[in-house]
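Visitor: Kindly return the folded structure for what I paste below:
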Amino acid sequence: QVQLAESGGGSVQSGGSLTLSCAFSGFNLDNYHIGWFRQAPGKKREEVSCYFKGQAYYQDYAKGRFTMSADTDKDTVFLQMNNLNSSDTAVYYCAADLLLCITVDLSRVAYWGQGTQVTVSL
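Guide: Numbering: from 1, shown residues only. Okay, here's the model as predicted:
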């Protein structure tokens, strides 16, 4: 049974940093992709970063500010977010699937966490 649980969200001022965690179970990163997504109020859910075979890939807005990493001993992935701004305010979700990193239609993604709120104030 696949489970994903995010933590680490909160409120931060513009320019600040947060680190999100996603503890997972029921699969391993040898054969699953795992990623971070976010959804701002009134907007569609979008990919932030994706990870497979030891490599993280980022959307343009995240490059240079966000870092995704994995601790395979603890079955946890992280998203270190620096230099946050108000446009980063959203609910952040962890997701996993066999081919997540090449999946365009997010309705096809098999597993999602419950999400964690990130709020960036001016």
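Visitor: List the contacts of the residue nearest to the spatial centre of the chain.
Guide: Most central in the chain under CA atoms, centre = their mean is Trp36, positioned 1.9 Å from the mean C-alpha point. By CB atoms under 8 Å, 6 or more residues apart in numbering, the contact list for Trp36 reads 20, 22, 47-50, 68, 77, 79, 92-95. Yep, even glycine has a C-beta here, placed from its N, CA and C like the rest.
Visitor: List the ones among these that fall in helices.
Guide: If you go by DSSP state H, the contacts of Trp36 have nothing in helices.
Visitor: Just name the closest of those residues to Ser121, please.
Guide: Taking CB to CB as the measure, Ser121 lies nearest Tyr92 of the contacts of Trp36, at 16.4 Å.
Visitor: any idea how far that closest one is from Gln80?
Guide: Counting by CB to CB, to the nearest Å, the separation of Tyr92 from Gln80 is 12 Å.
Visitor: who's more crowded, the two?
Guide: Taking Tyr92 and Gln80 together and counting by other CB atoms under 10 Å, Tyr92 has the greater number of neighbours (23 against 14).
Visitor: so that one makes contact with Val48?
Guide: Yes: counting by CB atoms under 8 Å, Tyr92 sits close enough to Val48 to count as a contact (7.2 Å).
Visitor: intersection of neighbour lists for the two?
Guide: Shared contacts of Tyr92 and Val48 (CB under 8 Å, 6+ apart): Trp36, Phe37, Arg38, Leu79.
Visitor: Need those in JSON lines (columns: secondary structure, pLDDT and distance to Phe27).
Guide: Shown next, in JSON lines, are the shared contacts of Tyr92 and Val48 (DSSP: H, G, I helix; E, B strand; the rest coil; pLDDT from 0 to 100; distance: CB to CB, whole Å):
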{"residue": "Trp36", "secondary structure": "strand", "pLDDT": "98", "distance to Phe27": "16"}
{"residue": "Phe37", "secondary structure": "strand", "pLDDT": "98", "distance to Phe27": "17"}
{"residue": "Arg38", "secondary structure": "strand", "pLDDT": "98", "distance to Phe27": "22"}
{"residue": "Leu79", "secondary structure": "strand", "pLDDT": "98", "distance to Phe27": "19"}
